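Trainee: heads up, no residue letters with this:
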């Protein structure tokens, strides 16, 4: 990942927070000269390994679990993103020397996966994942809500995966390189758009404003 120093985020708690808030990863693996891309939600177990361990599952029909796991894989998690127009920069109106850009935050977690077929392990994983995601529902669904024979059939159709994170990178492209007036202009422009992602990006830009 191209990572200028000004955009590098190294605080592990911040990187982990993004993974937890945006657990759906773009998971990329190389196998036999081909890049394989999947989109998989991962649970982060921060207690295991120097940088944590990603835990999830895939369909048994998905060939990813038969790839060469000795090769490094990467899971990319994306947080808020937003287009930034030069019209939001006061400096653009002074001298015109400005171009459009795109702000975004991403975490890339690198590691070598292990694939797991143990039925008891898979049941525990599904219980954990659903309990986490259902916690905010008025009537949380649990794995026990489904008929036992149906659940067993579903368990037979998946394979678990663990990826101990060997290297983790964070890129926070949030207007750090702009003058103070331009950052304030970006915050105002994004806040005015009204959608959740734009407001979230405005909050990230605010972190680089003096006195914020």
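Mentor: Received the coordinates, thanks. Predicted model, so just to flag it, every value in this text is computed and none were measured. Numbering: from 1, shown residues only.
Trainee: just so I have it, where are all the strands in this protein?
Mentor: 8-9, 24-31, 34-41, 43-45, 53-59, 73-84, 101-111, 114-116, 158-173 (DSSP state E).
Trainee: which other helices and strands contact the first one?
Mentor: By that I understand strand 8-9. strand 158-173 (3 or more Cβ pairs under 8 Å, 6 or more residues apart in numbering; DSSP states H and E). Quick note: C-beta positions are derived from backbone N, CA and C, even for glycine.
Trainee: same question for the strand it packs on, mean pLDDT?
Mentor: In this model, strand 158-173 has a mean pLDDT of 97.
Trainee: Dig out what residue 84 forms beta bridges with.
Mentor: residue 101 (DSSP bridges).
Trainee: related to what we said a few turns ago, please name whichever of the strands of the chain is nearest to residue 150.
Mentor: strand 158-173 (13.4 Å; Cβ to Cβ).
Trainee: how far out from the middle of the chain is the helix or strand of the chain with the lowest mean pLDDT?
Mentor: The helix or strand of the chain with the lowest confidence, counting by mean pLDDT, DSSP states H and E, is helix 90-95 at a mean of 80. Centre-to-centre, helix 90-95 and its host chain are 35 Å apart (Cα atoms, centre = their mean, to the nearest Å).
Trainee: I'd like the strands of the chain laid out as CSV, including mean neighbour count and distance to residue 147.
Mentor: Output for the strands of the chain, formatted as CSV (neighbours: other Cβ atoms under 10 Å; distance: least, Cβ to Cβ, whole Å):
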stretch, mean neighbour count, distance to residue 147
strand 8-9, 16, 45
strand 24-31, 17, 28
strand 34-41, 12, 24
strand 43-45, 18, 25
strand 53-59, 20, 20
strand 73-84, 20, 33
strand 101-111, 20, 36
strand 114-116, 15, 24
strand 158-173, 20, 17
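Trainee: Quick check: which of the ones you listed is nearest to residue 199?
Mentor: Across the strands of the chain, residue 199 has its closest neighbour in strand 73-84 (8.5 Å, Cβ to Cβ).
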